[in-house]
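Asker: Model the following, please.
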Amino acid sequence: MSFSPDGSMLVSGGWENDVILWDVSSLSQLATLQEDTDRVWSVSFSPADSILAFGKVDGKVILWDVASGSPLATLQGHKSVVESVSFSRDGSLLASGGRDGTVILWDVASGNQLATLQGHTERVGFASFSPDGSILASGDWRNGVILWDVASGSQLATLQGHRIVESVSFSPDSSLLASGSSDGTVLLWQLASIISGR
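Answerer: Numbers count the residues shown, from 1 in each chain. Below you'll find the model as predicted:
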């Protein structure tokens, strides 16, 4: 699930193949977006405009224009389920994490694939941009969290402390990263010391 930038709408996706838009104030359904028959695994609202991204079981990422109610682009790069989709704060970039162990960076305006980040050996359950847009953190089911330099696509660090990483979140000033695991732990990482210690 994901809220729109102004908080007025909520988007949800699920096993019934539908992406549903909800009006938060009235708790009513605004629209049901149906792209095809493949199941939706992950959804995200762009923080900058009325664009939705949803990742599908067939490895595709769909960009959808909420205002017009129509698809903008189909992004193909993953070989398996797209478990995570996440926009940069300015909405210009999208990161998708797949069960194939890859993270792909996309240019939202053009739909072009900018980079395929390879370093995970297991399914990537979550990826998130830092608020300043310079770092991407992605978590997998074996090796923990990998930090990436967004501009170059290079790997900055690997954070190991728990295995099946289900979520990652940056602090507002991009100095800290929290990672949550299905083992019941949440770890807090001081990024400046980690990156400077490379």
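
Asker: All the helices of this structure, in order from the start?
Answerer: Ranges of helices in the chain, per DSSP state H, are 191-196.

Asker: Low-confidence stretches in it?
Answerer: In the predicted model of the chain, residues 14-17, 34-37, 143, 197-198 satisfy pLDDT under 70.

Asker: what's the distance between Val61 and Asp90?
Answerer: 19 Å (C-beta to C-beta, to the nearest Å). The way it works is simple: take the backbone N, C-alpha and C, and place the C-beta from them, glycine included.

Asker: When the two are compared, which one has more neighbours?
Answerer: Remark: of Val61 and Asp90, Val61 carries more neighbours, 24 against 12, as counted by other C-beta atoms under 10 Å.

Asker: May I have the residues that are in contact with that one?
Answerer: Applying C-beta atoms under 8 Å, 6 or more residues apart in numbering, we find Val61 in contact with 53-55, 74-78, 82, 85, 94, 96, 106.

Asker: Let me know the outermost residue of the chain.
Answerer: Ser26 (27.6 Å; C-alpha atoms, centre = their mean).

Asker: Is it possible to get CSV of the contacts of Val61 that adds distance to Ser179 and neighbour count?
Answerer: What follows is the contacts of Val61, written out as CSV (distance: C-beta to C-beta, whole Å; neighbours: other C-beta atoms under 10 Å):
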residue, distance to Ser179, neighbour count
Ala53, 22, 27
Phe54, 24, 22
Gly55, 20, 28
Thr74, 31, 13
Leu75, 26, 24
Gln76, 29, 13
Gly77, 25, 17
His78, 22, 25
Val82, 20, 28
Val85, 18, 26
Leu94, 21, 26
Ser96, 19, 27
Trp106, 23, 24
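
Asker: if we take those residues, which one ends up nearest to Val19?
Answerer: Nearest to Val19 out of these is Phe54 (C-beta to C-beta; 5.4 Å).

Asker: Now that closest one: closest residue in space, sequence neighbours ignored.
Answerer: Distance criterion C-beta to C-beta, 6 or more residues apart in numbering; nearest residue to Phe54, sequence neighbours excluded, is Val43 at 4.5 Å.

Asker: Just list the residues touching the residue lying closest to Leu10 once chain neighbours are set aside, thanks.
Answerer: Nearest non-adjacent residue to Leu10, counting by C-beta to C-beta, 6+ apart: Trp22, 4.5 Å away. Trp22 is in contact with 9-12, 28-30, counting by C-beta under 8 Å, 6+ apart.
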